[in-house]
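Peer 1: Structure for this input, please:
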Amino acid sequence: MPVSSTGMTLWRAFSQEPGCPADSSCYKTPMSDPVILVVNGPNLNMLGTRQPELYGHESLADVESLCLAHAASLGLAIDFRQSNHEGDLVDWIQQAKGVAAGIVINAGAYTHTSVAILDALLSVSLPTIEVHLSNIHQREEFRHHSYVSKAAKGMICGLGSHGYVLALDALAKLIGSKGA
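Peer 2: Got it, this is the predicted structure:
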């Protein structure tokens, strides 16, 4: 079972009912608050140590704690995940259909290359906010294109981990959360 950088189980927001086929949509959440899936792509597990001058000194565990605290203040629950593997991100996005109220996604390098992630986001029809720690438009030319943006309601980039807070604020308003 995947775990976050904090060692907590990543599947905590989604639980499967006994006897429910693995490929079905009969997933339930024990939380009463709307669930926001926060998906992090490749190399984000290296936050705090990988190019801190560009991505900052906070670890992914710090970002997760920030998201959990802010989500709670908005009346939201968080399912926070990270993988270096494109298929995992696609699976998690697909599993969110009918369970999550929205998605925050930092697809990392897959932002610029993954039609599969774009197709998954389009297939679930959930409000999605794209986040990037750095300003992708001030970086290499190949980073200026985002497949994720074609499915996202909005993009926040260049504001470091605060971008995740702003994304949660935006989703709270989009879904009409009681804390928005």
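Peer 1: Quick one: residues contacting the nearest residue to Ser125 once chain neighbours are set aside.
Peer 2: Residue nearest to Ser125 in three dimensions, not counting chain neighbours: Lys97, with 7.6 Å by C-beta to C-beta, 6 or more residues apart in numbering. Heads up, the C-betas are built off the backbone N, CA and C, glycines and all. For Lys97, the contact set (C-beta atoms under 8 Å, 6 or more residues apart in numbering) comprises Ser25, Ser123, Val124, Ser125, Leu126.
Peer 1: Return the distance of the fourth one relative to Lys153.
Peer 2: By that I understand Ser125. 12 Å (C-beta to C-beta, to the nearest Å).
Peer 1: Can you read off the pLDDT for the residue nearest to Ser125?
Peer 2: Listed pLDDT for Lys97 reads 97.
Peer 1: before we move on, what about Ile78?
Peer 2: So, for Ile78, pLDDT stands at 96.
Peer 1: neighbour-wise, which of Ser125 and Lys153 wins?
Peer 2: Remark: of Ser125 and Lys153, Lys153 carries more neighbours, 16 against 9, as counted by other C-beta atoms under 10 Å.
Peer 1: The more buried one and Ile103: what is the separation?
Peer 2: Between Lys153 and Ile103 the distance is 10 Å, computed by C-beta to C-beta.
Peer 1: re the thing from before, can you list which of the contacts of Lys97 are found in helices?
Peer 2: Ser123, Val124 (DSSP state H).
Peer 1: Quick one, which of the contacts of Lys97 are buried?
Peer 2: If you count burial by 16 or more other C-beta atoms under 10 Å, the buried members of the contacts of Lys97 come out as Val124, Leu126.
Peer 1: what's the closest of the contacts of Lys97 to Asp33?
Peer 2: Leu126 (15.9 Å; C-beta to C-beta).
Peer 1: Could I get the contacting residues of the closest one?
Peer 2: Leu37, Ala96, Lys97, Ala100, Ala101, Gly102, Ile103.
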